[in-house]
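Trainee: just the structure for this:
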Amino acid sequence: MIFLKWAVPRERVCRAWCLYDGANSAFATVILTALFPVYFSQSVVPDRGLCLLAHCVPGPSLWAYGVSISVLIAALFAPLAGKVADTYGLRKPLFILFVLSGAGATAMMLFAYPGWVWYALVCFLIGHLSFLFADVMYNSYLPIIAPENKHDILSSQGYAWGYVGGGLLLAFQFFILGLPGIRIEHNDFFIIRLCLASVGIWWLLFSLPAMVWLPASAIEGLTKHSVSEPSCDGFLSSLKRIKETPGALLFLTAFFFYNNGIQTVISMAAIYGSYRLGITQKELMGALLVTQFVAFPGALLFGFLADKFGTLRILLGNLAVWCLIVTYAVWIRRSLEFWILAGLSGLVLGGSQALSRSAFTKFIKDNRSGEFFGFYAMGGRFSSLLGPFVFGMVFDATRSMEVSILSVLFFFLMGAVLLWSCRVRWNGYSGVS
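Mentor: Next up, the predicted model:
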């Protein structure tokens, strides 16, 4: 197919950038989606939950709250991190720092024994925060290493190889867990803890090309005096520039809503399958593998379609499919249906994320990629906060997975309505043409 010619970038720096997506996607796949949510909520957290004062919080709700806390912290400080990277030329040092801290904290999950709730939470929070802040630096390289007319393609390539990278590690772990004689519960779930720790090693290993080849100083002639100092006033001036950029604030608001739905599906899918359908850990990993490897051609396909028909139009079609997926999820009764949903989710997941990232680059100008992507990350992380938090609250109140997943539909619908209103030209590029 024609779009497969875009699978591998030609430039070395772009290949290194895409390879990092394969490195950190192992964290998103194994820690945020497949293994750790179920292991944490069902094995680390006691059956009665974590009791605080007179209330015992069940495992699924505690996991949702943990995700929400980490993304709240990241959302509050992402614009500052991006501004510091732009102001002092620290994009690459900060990127390396966050990769090292995140990989290290994830490797320490080897010692997250059953019952060690606070230890597991701390390792997760450090790893997740590092993952999120490294992503700000990583995303801000997109408008720097590629011309504007290549943003859709390179962004899609990054996500495509991210799904391959995360899927390969998960496939290997799936193979190990399926070997004859492997007892998952043996020695305090040692094999599960080893799988979790291997994510840190994978993350660090495949980040090395990006650490070497991504430019240390992204913009020639940029000094700490060429942009304003990072401060409260700097934050307000950055917010003012976002508001003064036509369509930028509206796009971020739309992104905030529909990304709520996407992130909730990602973070709660494994728990939904295990609690709602009784799907085993191995079946969940198999379904996620389907998602990962379908997402590879899916991301490239949506990049191809966006190049032909316009980013905004294809994003809207993508969100319509998400609405169908969430609606169908309420009615599923068999594990086979869960696998079908996993495949459909993979088809649209890479496209929605890649095109959102590349669409936002249309607003960036005046050498402020870190600053603008800090706000993009803030919108994304706040959306990661609200969706899982609402899901957790609904389940805490109703103990109904059906009602909880149905609440996600609101975010997709609101995002689609706002995105439809964002019919503007982005730096001379029409998002609807």
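
Trainee: distance of the residue lying closest to residue 272 once chain neighbours are set aside from residue 61?
Mentor: On the basis of Cβ to Cβ, 6 or more residues apart in numbering, the spatially nearest residue to residue 272 that is not a chain neighbour turns out to be residue 401, at 5.6 Å. For the C-beta atoms, the positions are set from N, CA and C on the backbone; glycine is no exception. Distance, residue 401 to residue 61, using Cβ to Cβ, to the nearest Å: 12 Å.

Trainee: neighbour count winner among those two?
Mentor: residue 61 (25 against 22; other Cβ atoms under 10 Å).

Trainee: wait, what's in contact with the more buried one?
Mentor: With contact set as Cβ atoms under 8 Å, 6 or more residues apart in numbering, residue 61 has these partners: 49, 392-393, 395-396.

Trainee: most neighbours out of those residues, which is it?
Mentor: Neighbours here are counted as other Cβ under 10 Å. On that basis the top member of these is residue 392, with 25 neighbours.

Trainee: from residue 15, how far out is it?
Mentor: 39 Å.

Trainee: shaky segments in the protein?
Mentor: By pLDDT under 70, the weakly predicted segments of the chain are 1-6, 217-239, 242, 244-246, 364-371, 379-385, 423-433.

Trainee: overlap in contacts of residue 401 and residue 61?
Mentor: Shared contacts of residue 401 and residue 61, defined by Cβ under 8 Å, 6+ apart, comprise residue 395.

Trainee: the closest residue to residue 173 other than its chain neighbours sits in which helix or strand?
Mentor: Closest residue to residue 173 in three dimensions, ignoring its sequence neighbours and counting by Cβ to Cβ, 6+ apart: residue 195, at 4.6 Å. For residue 195, the enclosing helix or strand under DSSP states H and E is helix 186-205.

Trainee: may I see the buried residues of that helix?
Mentor: Applying a neighbour-count criterion of 16 or more other Cβ atoms under 10 Å, the buried positions in helix 186-205 are 189, 191-193, 195-200, 202-204.

Trainee: list the buried ones in stretch 324-334?
Mentor: Going by 16+ other Cβ under 10 Å, stretch 324-334 has these buried residues: 325-326, 329, 332.

Trainee: what's the answer for stretch 164-175, then?
Mentor: For stretch 164-175, a neighbour-count test (16+ other Cβ under 10 Å) marks 164-171, 173-174 as buried.

Trainee: dump that stretch to CSV, restricted to CA.
Mentor: Taking Å, rounded to 0.1, in the frame of the first residue of the first chain, the C-alpha atoms of stretch 164-175 are listed here in CSV:
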residue,chain,number,x,y,z
VAL,A,164,5.6,-1.6,17.4
GLY,A,165,8.1,-1.0,20.2
GLY,A,166,5.6,-1.4,23.0
GLY,A,167,4.0,-4.4,21.3
LEU,A,168,7.3,-6.2,20.9
LEU,A,169,8.2,-6.1,24.6
LEU,A,170,4.6,-7.0,25.5
ALA,A,171,4.7,-9.9,23.1
PHE,A,172,7.9,-11.2,24.6
GLN,A,173,6.4,-10.9,28.1
PHE,A,174,3.3,-12.7,26.9
PHE,A,175,5.5,-15.5,25.6
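
Trainee: now do it: everything it contacts.
Mentor: Stretch 164-175 has contacts (Cβ under 8 Å, 6+ apart) with 19, 21-23, 25-26, 28-30, 34-35, 195, 198-199, 202, 206, 282, 285-286, 288-289, 292-293, 296.

Trainee: return a ChimeraX selection command for the buried portion of those residues.
Mentor: The command below creates a ChimeraX selection of those among the contacts of stretch 164-175 that count as buried (16+ other Cβ under 10 Å):
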select :19,21,22,23,25,26,28,29,30,34,35,195,198,199,202,206,285,286,288,289,292,293,296
